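# next come a sequence and a model predicted from it.
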Amino acid sequence: MTFVCDVMLGRLARYLRMLGLDAPYMRQGESLQSTAEGRPHIFFTKSTVKAGGPGTVLLYSNDPREQLAEIKKYIEPFINPAEMMTRCIACNVPLVNVKKEEIEPFVPEYVYHHHNEFRTCASCRRVYWEGSHASEMHVWLKDFLKVRSRA
């Protein structure tokens with residue numbers, strides 16, 4: 001499932017990508033059809049003008065974590081903790097594992113010497129490794145899932 005975020009929901013798109021979900025960001029002037037590229041999708045928007053169509057969800061909060069709470073019933077069947085942190089948060093492309101030796105020129109020396117697993121985005125070439133942010137994200141996801149199961 002694809003979760004399309006409109007122009008006002010860029011931070012939400014990044015959170016969805018951290019959760020491993022396919023979350024393209026619809027930029028100003030783009031159409032929903034071109035952004036979703038024919039994939040089954042749910043469209044998240046803050047625009048009352050764009051809301052109301054089938055598969056469209058109107059969001060009210062400006063805070064991305066509160067927005068996640070608003071949409072949890074739509075995304076929960078698709079959340080797989082094993083898929084978390086597997087997409088580029090900048091461009092939504094699935095990350096590719098790379099050999100440590102190949103990445104040395106592109107990461108700080110400390111990171112290179114203290115981490116063994118690296119992934120990169122084939123589109124924007126960003127390099128990812130599991131730092132403290134990943135541990136914090138795992139804790140947050142556990143809390144999110146607990147809250148979700150009580151709802």
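It's in.
# work out for me the element the residue nearest the centre of the chain sits within.
Residue closest to the average C-alpha location in the chain (Cα atoms, centre = their mean): Arg17, at 1.2 Å. According to DSSP states H and E, Arg17 maps onto helix 10-18.
# tell me what that helix is packed against?
strand 2-5, helix 64-75 (3 or more Cβ pairs under 8 Å, 6 or more residues apart in numbering; DSSP states H and E). Backbone N, C-alpha and C define where each C-beta goes, glycine included.
# contacts for the first one next, please.
Going back to what we said before, that points to strand 2-5. Contacting residues not belonging to strand 2-5 are listed as 12-13, 16, 21-26, 32, 35-36, 39-44, 71, 74-75 [Cβ atoms under 8 Å, 6 or more residues apart in numbering].
# and what of the longest one?
With contacts defined as Cβ under 8 Å, 6+ apart, helix 64-75 is touched by 3, 9, 11-12, 14-16, 19, 21, 42, 44, 57, 59-61, 144, 147-148, 151.
# ok and it relative to helix 10-18, angle-wise?
50 degrees (axes from the mean of the first three to the mean of the last three Cα atoms, to 10 degrees).
# return the distance of helix 64-75 from the chain's centre.
Here helix 64-75 is found 12 Å from its chain centre; the criterion is Cα atoms, centre = their mean, to the nearest Å.
# list the buried ones in that helix?
Buried positions in helix 64-75, judged by neighbour count with 16 or more other Cβ atoms under 10 Å: 64, 67-68, 70-71, 75.
# could you list the buried residues of stretch 121-141?
Those would be 121, 128-129, 137, 141, for stretch 121-141 by 16+ other Cβ under 10 Å.
# and these, which of them are in strands?
Among the buried residues of stretch 121-141, the subset assigned to strands under DSSP state E consists of 121, 128-129.
# can you put those residues in CSV and add pLDDT?
As requested, these are exported to CSV (pLDDT from 0 to 100):
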residue, pLDDT
Cys121, 97
Tyr128, 93
Trp129, 92
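# among these, which one lies nearest to Glu83?
Distance to Glu83, by Cβ to Cβ, is smallest for Tyr128 among those, at 13.9 Å.
# these two touch, right, the closest one and Leu95?
Yes: taking contacts as Cβ atoms under 8 Å, Tyr128 lies within contact range of Leu95: 6.0 Å.
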